[in-house]
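Participant: What follows is a predicted structure for the sequence shown.
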Amino acid sequence: MNNNNNNSVSASFKTNPMMNLDHIIPLDFKTALKLPESHSWSTTTSTHVEVDAGVPVVDLGDPEAVTLIRGACEKWGMFQVTSHGVPIKLLNQIEFQTKRLFGLPTNQKLLAVRSPEECTGYGLPRISTFFSKLFWSEGFSIMGSPLHHARQLWPNHHFDFCNVMVEYQKELMGLSERILGLMFTSMGLTQEDVKCLSESKHPQALLQLNSYPVCPDPTRAMGLAPHTDSSLLTLLYQTNISGLQVFRENVGWVPVNPISGAFVVNVGDMMHIICNGRFKTALHRALVNQTHHRISIAYFYGPPKDVNISPSIRLVDRDHPILYRPVTWKEYLDSKATHFNKALDFIRFEV
Ligand SMILES: O=C(O)CCC(=O)C(=O)O
Ligand SMILES: [Fe+2]
């Protein structure tokens, strides 16, 4: 990934006037025996419904995979994927390195804190700025090589961490492209129909390591508040501890139970725009628990920064009027950094 890409996304966060350090520096969770007022949410997080069928699981080796993907994206905006080809050894390595990072003492993690101007490094999730209460979580964001921050954490022992993070991003870029292709095929779109992406040389991606420490009062705490991802698609590896939930209209919050070695695939806002709303963008959140430290690893795959993204004309007709005006990912991220979950409304045509 080149530095240009890096700069363009960080610029979106740089211009966000709401950034302040309270919303960047996480609590020292280990010393908190009680949930502090600053982290106590009035909305209860314990309500969830059980549904007969959960988020669909798609085996990429299944001849029906394309059909299953379409159904899942239309109904849920999410599915879990197995037989994806990413080596289990790499998944174990990234889990190990992520736990190694978050297991460091707080004062050491703060050596790699993200500055208000940047989008990489250690800190609270960026969406914290939109809420008066703080999240029970911490994160570490990476674009390309994490060398700069990793060196601050481990001056002499950062090589394994960096190698695993770089290798993981390479693998997940390949898998993202493959799944994106299957999504387009499932809607009958060819390369020609999504030229803006197929001609592009520089897709952008961000790797986000998330940590949800053991929490003294999980029913009043929030790991990560409800949001949609701004990406084309997100590949989430949630290891074996549950906490992720997806919202379904007329149903409520549905737990997304971990499947060993599987990725959760989220349809992001950019994909929702390209397919003129046919695929849902997944509204999801993460809850915390009292017994297990949970980690997750999110890989956000997006379009090149300055290519106009708009609904494919193949998916626009009398029954499906065009929903969104063209927008670049750069523009959209700026808007999301100001309007958060309302950003799609700002580019939606009046009907
Ligand atoms: O930790 C999870 O399960 C969800 C993480 C997530 O949604 C994100 O990083 O955007
Ligand atoms: Fe997310």
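Facilitator: Everything's here; your move. Ligands and ions are numbered 1, 2, ... in the order given.

Participant: where are the low-confidence patches of the stretch 1-150 of the chain?
Facilitator: The stretch 1-150 of the chain contains residues with pLDDT under 70 at 1-20, 43-52.

Participant: again, only using 80
Facilitator: Counting by pLDDT under 80, the stretch 1-150 of the chain has low-confidence residues at 1-22, 43-53.

Participant: all strands of it, in order?
Facilitator: 57-59, 78-82, 121-123, 138-142 (DSSP state E, counting those that start in this stretch).

Participant: need the residues of the chain near ligand 1, please.
Facilitator: 208, 210, 224, 229, 236, 238, 243-244, 284, 286, 296, 298 (CB under 6 Å from any ligand atom). For the C-beta atoms, the positions are set from N, CA and C on the backbone; glycine is no exception.

Participant: neighbour-wise, which of the residues you listed leads?
Facilitator: The most crowded member of the residues of the chain next to ligand 1, judged by other CB atoms under 10 Å, is A286 (27 neighbours).

Participant: Would you agree it is in contact with P226?
Facilitator: No - contact criterion CB atoms under 8 Å: A286 and P226 do not qualify, at 9.7 Å.

Participant: What residues sit buried inside the longest helix seen in the chain?
Facilitator: For the chain, the longest helix by residue count, based on DSSP state H, is helix 159-186. By neighbour count on 16 or more other CB atoms under 10 Å, the buried set for helix 159-186 is 161-162, 164-166, 168-169, 171-173, 175-176, 179-184, 186.

Participant: Ok, stretch 306-325 next?
Facilitator: Buried residues in stretch 306-325, counted by 16+ other CB under 10 Å: 307, 309-312, 315, 322-324.

Participant: what's next to that stretch, contact-wise?
Facilitator: With contact meaning CB atoms under 8 Å, 6 or more residues apart in numbering, stretch 306-325 is reached by 8, 187-189, 193-194, 196-197, 200, 270, 273-278, 303, 326-330, 332, 344, 347-349, 351.

Participant: who does the closest residue to ligand 1 within the stretch 101-250 of the chain bridge with?
Facilitator: For the stretch 101-250 of the chain, the residue closest to ligand 1 is L244, as judged by CB to the nearest ligand atom, at 3.5 Å. Note on L244: beta-bridge partners by DSSP bridges are A286.

Participant: quick one on the thing from earlier: write the ChimeraX selection for whichever of the contacts of stretch 306-325 are buried.
Facilitator: A single ChimeraX command selects the buried members of those (16+ other CB under 10 Å):
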select :8,187,189,193,194,196,197,270,273,274,275,276,277,278,303,327,328,329,330,332,344,347
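
Participant: Keep only those of the contacts of stretch 306-325 that are in strands.
Facilitator: Among these, no member falls in strands (DSSP state E).

Participant: where does the stretch 251-351 of the chain have low pLDDT?
Facilitator: Low-confidence segments of the stretch 251-351 of the chain, defined by pLDDT under 80, are located at 351.

Participant: right, and L235 touches M173 too?
Facilitator: No - using CB under 8 Å, L235 is not in contact with M173; the gap is 9.8 Å.

Participant: Now render the strands of the stretch 1-150 of the chain as a markdown table, adding distance to P105.
Facilitator: Putting these into a markdown table (distance: least, CB to CB, whole Å) gives the following:
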| stretch | distance to P105 |
| --- | --- |
| strand 57-59 | 39 |
| strand 78-82 | 35 |
| strand 121-123 | 12 |
| strand 138-142 | 13 |
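
Participant: I'd like those strands as JSON lines, with mean neighbour count and distance to L90 appended.
Facilitator: Output for the strands of the stretch 1-150 of the chain, formatted as JSON lines (neighbours: other CB atoms under 10 Å; distance: least, CB to CB, whole Å):
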{"stretch": "strand 57-59", "mean neighbour count": "18", "distance to L90": "19"}
{"stretch": "strand 78-82", "mean neighbour count": "23", "distance to L90": "15"}
{"stretch": "strand 121-123", "mean neighbour count": "24", "distance to L90": "23"}
{"stretch": "strand 138-142", "mean neighbour count": "24", "distance to L90": "15"}
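
Participant: Nice, that's everything, thank you.
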